[in-house]
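Colleague: this one's sequence-less:
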């Protein structure tokens, strides 16, 4: 059943588009474009959840889909834009790894995730959606370590979270509603608190470059 | 019953935000923590009589293992709020805090208590939600002082633990995936009890991957090496009562998550896989703690690394397995919570008196602060595992389990590491405690509240070293039955 829904053409297309949006974040040097790409990615995820809900006829998943749309595609991007505006971050992202190497590494991570999922050698695990989800987790992690701005680390975590959401949908049609609600709550509060911290970092260090945060050692 | 326990800290926290004066906020906080402690003890005794209580259509659940966590949280939480009266009061008098921040501190403190209690009593895979909530609240507590170092520590803590916990979520999803196949998509796939009863039918490959992710994820939160890098920063930069809660209680909460999944995964994959992983991570944590404790210059960081060490010991105990190993590990969770909180409280007193965290700049504590100094020495002896204190008993049981279960090399390494750590740790403590007091340090204690809090913990440290009450023993045996 899982394969019927998630293997359908439209689903494949959506999942590929989600991967493309991940690469948009990886390949952009402007903060606003990154946030926009994240919004698009969350919107596409909501579509995936919507289609799964429609084809399984479960109301729970509709709720999850709508929450994804509201929280991840609207509220969280708004939080980002608010932060960028309020603390007047330079719009360019400082990088530890340049754009072209980043994109190449992103590609390599996708290939590795694909083979990793394949090598587990369980039919039900080897779906396209799960390898896409693994690559998003890996790329999210890579974004966190290769970008200098604290705000990009926050974005990286949220990309990882989106990847796991895709994984959960493709494996089990999501977690039970109560758990799913709790996860949304945590993600939202987490984004808010990270926002507060970024403000605090900006006020204390007069910059949000994580280069400054290297004094506590040993 | 469980919902009252959860409600108490929430109400306390809300009331704290609406108080007007220092007296009021302190009275509210103290009353709230007494109520929480009493309700916690009532819950523990009910679980002791009935074995399992559920409420809220199975969403909340307490068996003896949960009750054990609730016991630790409520005792240390109560003592920490007692300590806060003295410590935070002094900060207020010094002017490093204002009344607004004090209100925020107490408000967040009780929300933090709520999240940790929730970790213990959530019935299901929703454990993840509770553990993530603890990270969020405690990170806010850390940036209470807007010092550069605390902001840095809080950001590292938040980022590293959130990433770690994301991995744990993946492990949770995989476990749920394995469970749904057997249990169907009913609510039953959520309950610990139903998960454990059918865990032997779960697909072992999936459970192996799930356990690795869980161990890395919650292991990050529990401070197991090599994911421990946030821990010394966070624990040394937080306000002292919070450091005690982080080290003594929160690490145990994360360890509780690992133990829960260990019981499920072991039934599916066989004991060898999970045990070996736990022993490897545990030994690594012990090994990494050794040089950092020996060469440490900051006494709060030294205590933090000692927490890494002790979490490693608990992981090793669970990994050795058998009745002895698990009994030792569970007892060690309790002993470590009490002793480490005692040490952090002592360190907090020293910090307020000397305004420095450098070991080198502190000496003669026995003369300048006789009570703190004496309790700090006893705590230092206890935490390094010297007889006749409580930690000696649990470490000895774990060591015996290692030899009994045939993990000879691991047990020898374990012994070697704790001996070196004993020497290094106690060398540093004796530098601080003995000798002549530094010039300019007046004789006298900072506050009576802080001494009272330490004395309560000292009772546990000393008594449990020579005598384990029969009811406490039976409680731990019940926990062992659940974990095995």
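Modeller: Thanks, I have the structure now. Keep in mind that what you see is a predicted model, and the values were worked out from it rather than measured.
Colleague: so how far is residue B:53 from whatever residue of chain A ends up closest to chain B?
Modeller: Closest approach between chain A and chain B, counting by CB to the nearest CB: residue A:182, at 3.5 Å. C-beta coordinates here come from the backbone N, C-alpha and C atoms, glycine included. Noted for residue A:182: a distance of 21 Å to residue B:53, by CB to CB, to the nearest Å.
Colleague: rewinding a little: who's in contact with the residue of chain A closest to chain B?
Modeller: Applying CB atoms under 8 Å, 6 or more residues apart in numbering or on different chains, we find residue A:182 in contact with B:126, B:128, B:129.
Colleague: can you tell me if the particular helix or strand that has residue A:49 in it touches chain B.
Modeller: Secondary structure assigned from DSSP states H and E places residue A:49 in helix A:31-56. No. Judged by CB under 8 Å from any CB of the partner chain, helix A:31-56 stays clear of chain B, getting no closer than 10.2 Å.
Colleague: Counting residues, which helix of the chain comes out longest?
Modeller: Picking chain A for this. helix A:177-205 (DSSP state H).
Colleague: my bad, the chain I had in mind was chain B
Modeller: Of all segments of type helix in chain B, defined using DSSP H, the longest is helix B:148-183.
Colleague: picking up where we left off before, okay, buried residues for the longest helix of chain A please.
Modeller: The neighbour-count check on helix A:177-205 (16 or more other CB atoms under 10 Å in any protein chain shown) flags A:178-184, A:186-188, A:190-191, A:193-195, A:197-198, A:200-202, A:204-205 as buried.
Colleague: What of stretch A:47-61?
Modeller: For stretch A:47-61, the neighbour count (16+ other CB under 10 Å) marks A:47, A:48, A:49, A:50, A:51, A:52, A:53, A:55, A:58, A:60, A:61 as buried.
Colleague: now the residues you listed in JSON lines, with pLDDT?
Modeller: Output for the buried residues of stretch A:47-61, formatted as JSON lines (pLDDT from 0 to 100):
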{"residue": "A:47", "pLDDT": "91"}
{"residue": "A:48", "pLDDT": "89"}
{"residue": "A:49", "pLDDT": "89"}
{"residue": "A:50", "pLDDT": "89"}
{"residue": "A:51", "pLDDT": "87"}
{"residue": "A:52", "pLDDT": "86"}
{"residue": "A:53", "pLDDT": "86"}
{"residue": "A:55", "pLDDT": "83"}
{"residue": "A:58", "pLDDT": "80"}
{"residue": "A:60", "pLDDT": "84"}
{"residue": "A:61", "pLDDT": "86"}
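Colleague: Show me which of those is closest to residue B:48.
Modeller: When these are compared for distance to residue B:48 (CB to CB), residue A:60 wins out at 37.2 Å.
Colleague: what helix or strand is that closest one on?
Modeller: Assigned by DSSP H and E, residue A:60 falls within helix A:59-67.
Colleague: right, is that helix up against chain B?
Modeller: No. Applying CB under 8 Å from any CB, one finds helix A:59-67 separated from chain B by no less than 9.7 Å.
Colleague: What lies in contact with the next helix or strand after that helix?
Modeller: Next along the chain after helix A:59-67, taking DSSP H and E as the criterion, comes helix A:76-86. Helix A:76-86 is contacted from outside by A:31-32, A:35-36, A:38-39, A:42, A:89, A:91, A:151, A:154-155, A:158, A:187-188, A:191-192, A:195, A:198-199, using CB under 8 Å, 6+ apart.
Colleague: now do 6 Å
Modeller: A:31, A:35, A:39, A:191, A:195, A:198 (CB atoms under 6 Å, 6 or more residues apart in numbering or on different chains).
Colleague: same thing with stretch B:71-82?
Modeller: With CB under 6 Å, 6+ apart as the criterion, stretch B:71-82 contacts B:29, B:33, B:36-37, B:40, B:44, B:113, B:116-117, B:241, B:244-245, B:248-249, B:252, B:337, B:341, B:449, B:453, B:456-457.
Colleague: what does stretch B:372-386 give?
Modeller: Stretch B:372-386 is contacted from outside by B:339, B:342-343, B:346, B:349, B:365-366, B:389, B:391-392, B:395, B:418, B:422, B:425-426, B:429, B:433, B:454, B:458, B:461, using CB under 6 Å, 6+ apart.
Colleague: Let me know how buried residue B:377 is, in neighbour terms.
Modeller: 19 (other CB atoms under 10 Å in any protein chain shown).
Colleague: Repeat that for residue A:90.
Modeller: Neighbour tally, residue A:90, other CB under 10 Å: 12.
Colleague: Checking it next. Helix, strand or coil?
Modeller: coil (DSSP: H, G, I helix; E, B strand; the rest coil).
Colleague: Please list the residues of chain A that sit near chain B.
Modeller: Chain A comes close to chain B at residues A:153, A:157, A:160, A:164, A:168, A:171-172, A:179, A:182, A:186, A:189-190, A:193, A:197, A:200-201, A:204, A:213, A:216, as judged by CB under 6 Å from any CB of the partner chain.
Colleague: where in the stretch 1-150 of chain B is pLDDT low?
Modeller: In the predicted model of the stretch 1-150 of chain B, residues B:125 satisfy pLDDT under 70.
Colleague: where exactly do the helices run in it?
Modeller: B:2-17, B:22-50, B:64-94, B:99-121, B:127-142, B:148-183 (DSSP state H, counting those that start in this stretch).
Colleague: So which residues on the stretch 151-300 of chain B come close to chain A?
Modeller: Selection of the stretch 151-300 of chain B residues close to chain A by CB under 6 Å from any CB yields B:151-152, B:155, B:159, B:162, B:166, B:169-170, B:173, B:176-177, B:180, B:233.
Colleague: which of the residues you listed has the weakest pLDDT?
Modeller: Minimum pLDDT across these is recorded for residue B:180, with 81.
Colleague: pretty sure it contacts residue A:173?
Modeller: No. Checked against CB atoms under 6 Å, the pair residue B:180 and residue A:173 is beyond contact range at 9.1 Å.
Colleague: More neighbours: these two, which one.
Modeller: Taking neighbours as other CB under 10 Å, residue B:180 and residue A:173 compare with residue A:173 leading, 22 against 17.
Colleague: before we move on, the earlier item: please dump the contacts of helix A:76-86 into JSON lines; it should also carry pLDDT and distance to residue A:9 for every row.
Modeller: Formatted as JSON lines, the contacts of helix A:76-86 follow (pLDDT from 0 to 100; distance: CB to CB, whole Å):
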{"residue": "A:31", "pLDDT": "87", "distance to residue A:9": "35"}
{"residue": "A:35", "pLDDT": "92", "distance to residue A:9": "30"}
{"residue": "A:39", "pLDDT": "94", "distance to residue A:9": "25"}
{"residue": "A:191", "pLDDT": "90", "distance to residue A:9": "33"}
{"residue": "A:195", "pLDDT": "90", "distance to residue A:9": "39"}
{"residue": "A:198", "pLDDT": "88", "distance to residue A:9": "41"}
